[in-house]
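Trainee: any chance you can model this:
(one chain, ligands or ions: 2)
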Amino acid sequence: RCGFVAIVGRPNVGKSTLANALIGSKISIVSRKAQTTRHRIHGVLTREHEQFVFVDTPGFQTRHGGAMNRMMNRVVTQALAQVDVVVHVVEAGKWSAGDAQLLPLLPADGKTILVVNKVDAVKSKNDMFAYVSKIMALHPYSAVVPVSALRGVQLENLLQEIATRL
Ligand code: GDP
Ligand code: MG
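Mentor: Ligands and ions are numbered 1, 2, ... in the order given. This is a model prediction of the structure:
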């Protein structure tokens, strides 16, 4: 299996940490030509049976309003339509307006996985359940995977969930 994976989410949820943890030392160094039409390639993870190409999607950081904002949203929507899997990263227990802004841009066709990062910082498992339930009700995610990118918790499980969708 082989495919493109976009990691999206508001700033500071741990996207870079997660990408680096997933790609790890097995990173195949990306050449200067590593640029598809719509994505910059963040890194490639090659395993015996799978190859994951992690891509950066432009446009999530925009603070512009009006027509500019609509244009950027269209760029993001079209970019995400072209990848095989979208990983939407949120922070355990810390939902904010920035997270909500992304929801309308996520594909609704079952290729979006909700990743709840920073579970190492969570005290109450009951609170987590309520938090995840609330988010799952906001978008047709096809899976949810709690992880700690920092500690390397549940990353293999996440790769499996991605692989089944490639
Ligand atoms: P990005 O803006 O989404 O790319 O987020 P970063 O990867 O830069 O991470 C933002 C902050 O969250 C950094 O201080 C990270 O060390 C921290 N962070 C990332 N993943 C985890 C995690 O799993 N647990 C904890 N406790 N902190 C994390
Ligand atoms: Mg980052």
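Trainee: what ranges do the helices span in this protein?
Mentor: With DSSP state H as the criterion, the chain has helices at 15-23, 66-81, 97-102, 125-136, 155-163.
Trainee: export the ones you listed to JSON lines and tack on distance to Glu91 and mean neighbour count?
Mentor: Placement of C-beta: from N, CA and C, glycine included. What follows is those, written out as JSON lines (distance: least, CB to CB, whole Å; neighbours: other CB atoms under 10 Å):
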{"stretch": "helix 15-23", "distance to Glu91": "11", "mean neighbour count": "19"}
{"stretch": "helix 66-81", "distance to Glu91": "20", "mean neighbour count": "14"}
{"stretch": "helix 97-102", "distance to Glu91": "8", "mean neighbour count": "14"}
{"stretch": "helix 125-136", "distance to Glu91": "10", "mean neighbour count": "13"}
{"stretch": "helix 155-163", "distance to Glu91": "16", "mean neighbour count": "17"}
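Trainee: pLDDT score for the nearest residue to Pro140 once chain neighbours are set aside?
Mentor: Closest residue to Pro140 apart from its sequence neighbours, by CB to CB, 6 or more residues apart in numbering: Ala108 at 5.3 Å. On pLDDT, Ala108 comes in at 93.
Trainee: so for ligand 2, which of the helices of the chain sits nearest?
Mentor: Among the helices of the chain, the nearest to ligand 2 by CB to the ion is helix 15-23 (3.3 Å).
Trainee: which stretches of the chain aren't confidently modelled?
Mentor: For the chain, the stretches with pLDDT under 70 are 25-39, 58-64.
Trainee: returning to what we had before: neighbours around the residue nearest to Pro140, how many?
Mentor: Taking other CB atoms under 10 Å as the criterion, the count of residues near Ala108 is 11.
Trainee: ramachandran angles for it?
Mentor: Dihedral angles of Ala108 (phi, psi; degrees, to the nearest 10) stand at phi -110, psi 20.
Trainee: verify the contact between it and Leu138 for me.
Mentor: No: Ala108 lies out of contact with Leu138 (CB atoms under 8 Å); the separation is 11.4 Å.
Trainee: got any residues that touch both of these two?
Mentor: Here Ala108 and Leu138 share no contacting residue, scored by CB atoms under 8 Å, 6 or more residues apart in numbering.
Trainee: show me which residues of the chain are close to ligand 1?
Mentor: 9, 11-17, 117-118, 120-121, 148-150 (CB under 6 Å from any ligand atom).
Trainee: between these, which sits nearest ligand 2?
Mentor: Ser16 (3.3 Å).
Trainee: ok, back up a step: quick one: the residue nearest to Pro140 from Asp99, how far?
Mentor: Ala108 is 17 Å from Asp99, where distance means CB to CB, to the nearest Å.
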